[in-house]
Structures are given as structure tokens and as C-alpha cells.
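In: Here you go, sequence then predicted model.
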Amino acid sequence: SAIMKEMNSSTVTEFILLGIPFLHDFHRVFFVAGLFMYITTIMGNGFILVIVAIEPRLQTPMYLFLSNLAFLEICYTTTVVPKLLQTLIERQTTICFVCCMVQGFFHFILGTTEIFILTAMAFDRYLAICKPLQYPMIMTRHVCIQMTLATWYSSFSIMFFQSLFVWRLPFCGSNVVDHFYCDIGPVLSLACADIQLIESLGLLSSVMLVITTLTLTVVSYIFIITTILRIPSAAGRKKAFSTCTSHLTVVSILYGAIIFMYVRPNVHALSHTSRVVAILNTVLTPMLNPFIYTIRNLEVKEAVRSMIYKKRLLKRGF
């Protein structure tokens with residue numbers, strides 16, 4: 001009877017996504033902009049995957065981590081952006097209960113994996129700059145693959161057990177999600193149960209995750225900067241630091257957004273600002289990442305030139 005009672009209380013079979021109501025007058029403009037940014041994200045990150053796969057000189061640990069990050073960004077935006085675009089062209093966008101839970105689950109798994117990969121990239125830069133002689137022996141291809149798999153496995157383990165708590169909650173009242181995707185805060189606020197424990201666990205895991213990974217990244221960069229400042233030539237210092245600036249930029253943007261959105265007690269209290277930050281985090285940042293990592297990167301530019309040159313030779317029949 002207890003099971004039947006629980007089944008009767010969980011009457012919500014689908015959710016209504018409100019989208020971005022305070023920008024309703026500009027929905028068509030934002031749809032066009034959002035679609036363009038989504039296509040650019042897929043193409044930009046797809047370009048990184050292709051260039052790293054076909055160019056032997058880019059098959060180093062740094063670029064293997066970067067191609068993993070590019071693949072992750074494609075998956076991350078695809079989890080959220082298509083539904084966001086739908087909320088911009090339809091008056092009322094619905095998402096089935098299971099689809100909503102799956103979307104939230106993958107959104108957090110991919111987001112957590114990104115944090116771990118960026119931390120692994122900071123460690124890779126630390127080894128490359130501070131331990132250049134030991135670097136080839138420590139950061140082998142095998143170690144790089146193991147670290148990458150560990151980032152995915154860790155994020156899956158962390159998010160799977162947290163998601164189980166949310167999946168088991170009864171939803172019997174309102175089914176209107178005040179967001180453009182199934183983020184944890186707006187979904188939790190609809191539950192017909194006490195969510196204090198889940199909120200506390202979520203806040204604790206967010207704080208621990210952010211503090212641990214951010215500390216590891218900051219410590220890595222303290223050692224990196226100290227080592228760079230000891231390099232006698234200005235050209236040497238510039239070259240060493242140029243390999244880190246892209247990574248630092250991406251880390252700053254990502255942690256800024258995460259801390260603003262999730263490291264706070266009441267994650268379901270959404271403001272206009274937090275929704276704008278969510279748009280930047282899910283649409284703009286994944287689009288900018290390929291440009292941040294490639295525009296000033298000499299190795300990527302040389303790899304592109306080499307690829308174009310080889311293509312021209314093939315056309316001429318050599």
C-alpha cells in the first residue's frame with residue numbers, strides 16, 4: 001500500500017519549461033543568435049577533434065586533454081541548447097519526466113567532468129613547465145588516457161548517487177519549471193517533499209568539488225608562475241606563459257559561473273542574473289573555448305598550414 005500511495009502522489013509525467021520569460025519580446029532574435037552560436041560551437045570543437053586526430057605533432061597529452069574537452073563541450077551544449085531553442089520559438093515547451101531527469105543528470109555529469117579535465121590540464125602544464133626533463137616519462141600516453149577516463153568515471157559516480165535522491169522524490173503539484181532546462185534548483189522546488197537534506201548534500205558536494213579542484217589548479221599555477229619568472233630571457237618567459245593563458249581564461253570563466261550558480265544555500269531561488277549566467281555557461285563559453293585555445297596557438301596554426309599544404313599536394317597529384 002505504501003508503494004501504491006507513492007505512485008499516486010507522483011502524478012507529474014511531464015514538465016513545462018518557461019524558458020526566458022523576461023526576454024520574451026526578443027525571442028526570435030535570441031533564437032537566431034542561439035542557433036548560430038550552437039552551430040559555431042559544434043564546428044569549432046569539431047575542428048579541434050579533427051585537427052588533433054589527423055595531425056601527429058598535436059598528439060601530445062595537452063592536446064589529448066583539449067580534444068577531450070572539445071568532445072565534452074559538444075555533448076554539454078547538445079544536452080541543453082536544442083531545448084533552449086525550442087523554448088524560444090514555442091509558447092509552451094514540455095519535456096517528459098524521464099527526459100527532464102536525464103537532461104539534468106547529463107548536464108551535471110558533463111559539467112563536473114569539465115572541471116576535472118581542466119584540473120588535469122593544470123597538472124599537465126605544471127609538469128611540462130616545472131619538470132620538463134621528467135615530463136615525457138611521467139605524462140605518457142597511457143597515463144593521459146587513464147587520467148581522462150578517471151575524470152569521466154569520477155563525475156559519473158558523484159552525480160549518479162546524487163541524482164538517485166532527486167529521481168526518488170514525489171512530484172505531485174505544479175509542473176512548471178522556471179528555467180530553460182531541467183536545472184537542479186527549479187526542479188527541486190517542485191517536489192512534494194522536504195528537500196532540505198538533498199539541498200544540503202548538493203551544496204556540500206559543490207563546495208568540496210570547487211574548493212578541491214580550484215585549490216589544485218591554483219597551487220599548480222603558483223609553481224608554474226614561480227618557474228616562469230626564473231626563466232632568464234623575456235622571449236622564454238613569454239613562450240612558457242603563452243601555453244597557460246588560454247587555460248587560465250577558461251578556468252576563470254567556468255569557476256566564476258559555477259560559484260555564482262551552485263555554491264549557495266538556496267539554489268532554487270532563481271534571479272534574472274543567474275539565468276543570464278546560465279545562458280553564458282551553456283551557450284557562450286562552449287563556443288568561445290575553441291577560439292580561446294586556437295587563435296594565439298602557434299602549434300595549431302602550423303598544423304592547419306601543414307594540413308592545407310598536404311591537401312594542395314594531393315590535388316596536384318604528388
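Out: Good, I have the coordinates. Numbering: from 1, shown residues only.
In: Quick check: chain neighbours aside, which residue is closest to residue 103?
Out: residue 182 (4.7 Å; CB to CB, 6 or more residues apart in numbering). Backbone N, C-alpha and C define where each C-beta goes, glycine included.
In: OK, contacts around the residue nearest to residue 62 when sequence neighbours are not counted?
Out: Distances taken as CB to CB, 6+ apart place residue 124 nearest to residue 62, at 5.8 Å, with adjacent residues excluded. Counting by CB atoms under 8 Å, 6 or more residues apart in numbering, residue 124 makes contact with 61, 62, 65, 139, 144.
In: and residue 124, which of the three is it?
Out: helix (DSSP: H, G, I helix; E, B strand; the rest coil).
In: Which secondary structure element is home to the residue nearest in space to the middle of the chain?
Out: Most central in the chain under CA atoms, centre = their mean is residue 111, positioned 4.0 Å from the mean C-alpha point. Applying DSSP states H and E as the criterion places residue 111 in helix 97-130.
In: rewinding a little: thinking the residue nearest to residue 103 is in contact with residue 15, fair?
Out: Yes. At 6.9 Å, residue 182 counts as touching residue 15 under the criterion of CB atoms under 8 Å.
In: list the residues that contact both of these two?
Out: Counting by CB under 8 Å, 6+ apart, the shared contacts of residue 182 and residue 15 are 95, 100.
In: before we move on, back to that, name the residues of the helix holding residue 111 that come out as buried.
Out: 97, 100-129 (16 or more other CB atoms under 10 Å).
In: How about stretch 18-38?
Out: For stretch 18-38, using 16+ other CB under 10 Å, the buried residues are 18, 19, 20, 27, 30, 31, 34, 37, 38.
In: how long is it end to end?
Out: 20 Å (CA to CA, to the nearest Å).
In: Can you report how many residues neighbour residue 221?
Out: Residue 221 has 19 neighbours, counted by other CB atoms under 10 Å.
In: same thing with the one 5 residues further on?
Out: Neighbourhood size, residue 226 [other CB under 10 Å]: 11.
In: any idea how far it lies from residue 251?
Out: Computed as CB to CB, to the nearest Å, the residue 226 to residue 251 distance reads 18 Å.
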